[in-house]
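Peer 1: any chance you could fold what I've pasted below:
(2 chains)
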There are 2 protein chains.
Amino acid sequence: MDNFWITDKPIQVNDCIRKVTHPKAGAISTFIGIAREFTKGKQTLFLEYDAYVPMATKQLARIGMEIKQTCPEAEIAIAHRIGRLEISEVAVAIAVSTPHRDAAFKASRYAIERIKEIVPIWKKEHWVDGTKWIGNQKETTSYENKIPTKEEMH
Amino acid sequence: MDNFWITDKPIQVNDCIRKVTHPKAGAISTFIGIAREFTKGKQTLFLEYDAYVPMATKQLARIGMEIKQTCPEAEIAIAHRIGRLEISEVAVAIAVSTPHRDAAFKASRYAIERIKEIVPIWKKEHWVDGTKWIGNQKETTSYENKIPTKEEMH
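Peer 2: Numbering: from 1, shown residues only, chains lettered A, B, ... in the order given. Next up, the predicted model:
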């Protein structure tokens, strides 16, 4: 599971890229989610991410396996940050290598959508005028100032 | 045009990522083309790229402008390598940032397809048993051991 990790340290995108680089790869698609200052006109000061780490790591690896089922030649690496993130810091980095580019683009897109569906990571927005825990990654549930229980995440 | 360049030095993908990172961006999609060892079962020893540099740089910038016409909030950076490339070295790196991810994925895909259509860069494959100039980037024309003239590229 070396290619799938949760960290409270700044993510180096190159670490993901390096893990998927090999002689049979011709294309690498990466997706990087960074902390954005403005969302629907509202200013974010910083973000805070928390995760149920053992499950989150396992789910990231599961996404990698799902991609390999469709594209056995793909190599995948995914890192997700937790803790406090300043504006423009990397929250998530995904790198997928494949022999040809079409599969790489499709797989990195698939990975970020699946992260939002099945990985227990949640985020707290710190605005100028308050804070809010954004419950699940699909933003369909709010946990109103508290971290959800494990049960609520599943 | 600082965001669009042709270089005979190794490309650092982070240089492209840094150029498109800013507070309004929430998503960065990158595409990296790397020198692949095997193509249709044939082993490549190394690659050689050449370009009509002033025109190629201008065309990369044009692709950036095309993306901004569709998505004015996008920031784009593209670097293309020329000269000799060892296996797994970066031939091209594209980074696109946007507020939200859908536009970033679409734009980086668009950029690599357009590079192959309109940028005068050509490649020489060095195989175990010979070499061949791959004329245009669509690989529809072979220039048989010579670099095409400027006229042939247009």
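Peer 1: use CA for all of it now, contacts and neighbours both
Peer 2: Fine.
Peer 1: could you measure from the residue most central in space within chain A over to B:Asp2?
Peer 2: Most central residue of chain A, judged by C-alpha distance to the mean C-alpha position with C-alpha atoms, centre = their mean, is A:Val92 at 3.8 Å. A:Val92 sits 27 Å away from B:Asp2, taking C-alpha to C-alpha, to the nearest Å as the criterion.
Peer 1: then A:Ile34?
Peer 2: As defined by C-alpha to C-alpha, A:Ile34 lies at a distance of 23 Å from B:Asp2.
Peer 1: which one's more surrounded, the two?
Peer 2: For the pair A:Ile34 and B:Asp2, the greater number of neighbours falls to A:Ile34 (25 against 9), based on other C-alpha atoms under 10 Å in any protein chain shown.
Peer 1: leaving out chain neighbours, which residue sits closest to the more buried one?
Peer 2: Beyond its immediate neighbours in the sequence, the residue positioned closest to A:Ile34 (C-alpha to C-alpha, 6 or more residues apart in numbering or on different chains) is A:Val90, lying 4.4 Å away.
Peer 1: over to that neighbour: give its phi and psi.
Peer 2: Dihedral angles of A:Val90 (phi, psi; degrees, to the nearest 10) stand at phi -80, psi 120.
Peer 1: now do the same for it: its pLDDT.
Peer 2: The model reports A:Val90 with a pLDDT of 98.
Peer 1: cool, the one 3 residues further on as well?
Peer 2: Here the pLDDT value assigned to A:Ala93 is 98.
Peer 1: which parts of chain A sit against chain B?
Peer 2: Counting by C-alpha under 8 Å from any C-alpha of the partner chain, chain A comes close to chain B at A:13-14, A:21-38, A:87-88, A:99, A:105, A:109.
Peer 1: and these, which are buried?
Peer 2: Buried residues within the residues of chain A next to chain B, counting neighbours by 16 or more other C-alpha atoms under 10 Å in any protein chain shown: A:13, A:21-38, A:87-88, A:99, A:105, A:109.
Peer 1: restricted to strands, list those.
Peer 2: Using DSSP state E, the subset of those located in strands is A:Ala27, A:Ile28, A:Ser29, A:Thr30, A:Phe31, A:Ile32, A:Gly33, A:Ile34, A:Phe38.
Peer 1: mind listing what the nearest residue to A:Phe105 once chain neighbours are set aside touches?
Peer 2: Nearest in space to A:Phe105, with sequence neighbours left out and distances taken as C-alpha to C-alpha, 6+ apart, is A:Ser29 at 5.6 Å. Listed by C-alpha atoms under 8 Å, 6 or more residues apart in numbering or on different chains, the contact set of A:Ser29 reads A:Ala95, A:Val96, A:Ser97, A:Arg101, A:Ala104, A:Phe105, A:Ser108, B:Ser29, B:Thr30, B:Phe31, B:Ile32.
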